[in-house]
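[1] here you go, sequence then predicted model.
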Amino acid sequence: MRVFSLRAAALLPLSLLVFSCEQETTTEVMEIETAAPRFLDLPAAKGGTATLGKSADGRSVTVAMAEYITAADSDEMGNTVFFNNRGNKQLSFDFVPGQSIDGTDAISYYVDETRPSDDVPVEVSTDAIVRSMDTWNDVTCSDLSMFRVPNNGRATGFYSFLFGFGGSLDYVADVVHNGWMPAQFFDRIAPNGSRSILGVTFTLVFIDNNGNILDEDNDGKGDVAWREIYYNDRFNWSDGSGIDIETVSLHEAGHGLSQGHFGKAFRTNKNGKVHFSPRAVMNATYSGLQTEIDGTDNGGHCSNWGSWPNN
Ligand SMILES: [Zn+2]
């Protein structure tokens, strides 16, 4: 999908006058057309129940959605993928009080240290991920009582297990940072995924015996079992510069806590650069270091979690 292709006829060019003390230039700024969500089947689902996992208490879960963020220079925009097309039904999902498999309404998370990045020591990447989780936990409108499940070397990753990249169908925590995956893992999510996707968050949902997504609190949203976050090891990750781990982790953890993408993307034709309005952690493309929660990020978070666990 070439979402950056110029569809001039369909877009209204915006002219922006840029003044400097010496000259006046005109720069064309184009809004980037939002790509339609993608729909994918889980290949193993064709035979029936192969994609179903049973949690420790016997509840069945499957993968419902993935949201990915792209690199700024990748010529692709971040997007949403829905698995096992259900038409217009249940395209959004949230956690439900009293439904967590660990039996608490506190939000648990786990950092899998068995899939470290090639670029930085695992202690450094874990610290960055923990800082990003603390940032969300510290938003004052919500009381997530977030806690980290201690690393114990277990295999994690429902989605990675389905596609032969190792892992486990078992629940580990509400939000799991599953680690750094080889580039080809991301080609299963989108064309050119290995070259464009920095990170992805999968939403796993509870299903009944017929494969229907449960909505036990009748809020029109499917009930989340847990979420899984994977990082693309093809990119050069770092702590505080380049592709900054904390920045991407903060974005993915936003998805982990039920936020979608936010902000309109614009491309400056002259230099090809993309920027977002407003700039936010939840923008669909990486745009440099961003480790603080912004106004819109804060608003999105508070609308999801402000009354938790009483919603
Ligand atoms: Zn994203």
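    Perfect, I can see it now. Just so it is clear, the structure is predicted and the values come from calculations on it, not from any experiment.

[2] longest helix in this structure, by residue count?
    Counting residues, the longest helix found in the chain (DSSP state H) is helix 122-137.

[3] may I see the buried residues of it?
    122, 124-130, 132-133, 135-137 (16 or more other Cβ atoms under 10 Å). The C-beta positions use only the backbone N, C-alpha and C, and glycine is treated the same way.

[4] residues in contact with it?
    107, 109, 111, 113, 116-117, 144, 146, 148, 151, 175, 177, 180, 237, 239, 244-246, 249-250, 253-254, 257, 291-293, 301 (Cβ atoms under 8 Å, 6 or more residues apart in numbering).

[5] thinking again about what came up before, and the buried residues of helix 122-137, which is closest to G222?
    Checking these against G222 with Cβ to Cβ, the nearest one is W136 at 21.5 Å.

[6] what about the helices in the chain?
    122-137, 158-162, 184-187, 193-196, 245-256, 295-305.

[7] span of stretch 284-293 from start to end?
    15 Å (Cα to Cα, to the nearest Å).

[8] buried ones in that stretch?
    Under 16+ other Cβ under 10 Å, the buried positions of stretch 284-293 are A284, T285, Y286, S287, Q290, I293.

[9] can you pull the contacts of the first one?
    Counting by Cβ under 8 Å, 6+ apart, A284 makes contact with I69, T70, M77, G78, N79, H261, G263, A265.

[10] my guess is the second one meets G78, correct?
    Right, the one you point to is T70. Yes. Between T70 and G78 there is a contact at 4.8 Å, judged by Cβ atoms under 8 Å.

[11] list residues touching both of these two?
    With Cβ under 8 Å, 6+ apart, T70 and G78 have common neighbours I197, A284, T285.

[12] out of these, the closest to D94 would be?
    Distances from D94 to those, taken by Cβ to Cβ, are shortest for A284, at 19.9 Å.

[13] just the pLDDT for the closest one.
    Here the pLDDT value assigned to A284 is 94.

[14] could you shift the numbering so residue one becomes 259, and keep it that way?
    Will do, 259 is the new start, and the previous item becomes A542.

[15] distance check, the residue nearest to it when sequence neighbours are not counted against E325.
    Of all residues not flanking A542 in the chain, G336 sits nearest, at 3.1 Å (Cβ to Cβ, 6 or more residues apart in numbering). Per Cβ to Cβ, to the nearest Å, G336 is found 7 Å from E325.
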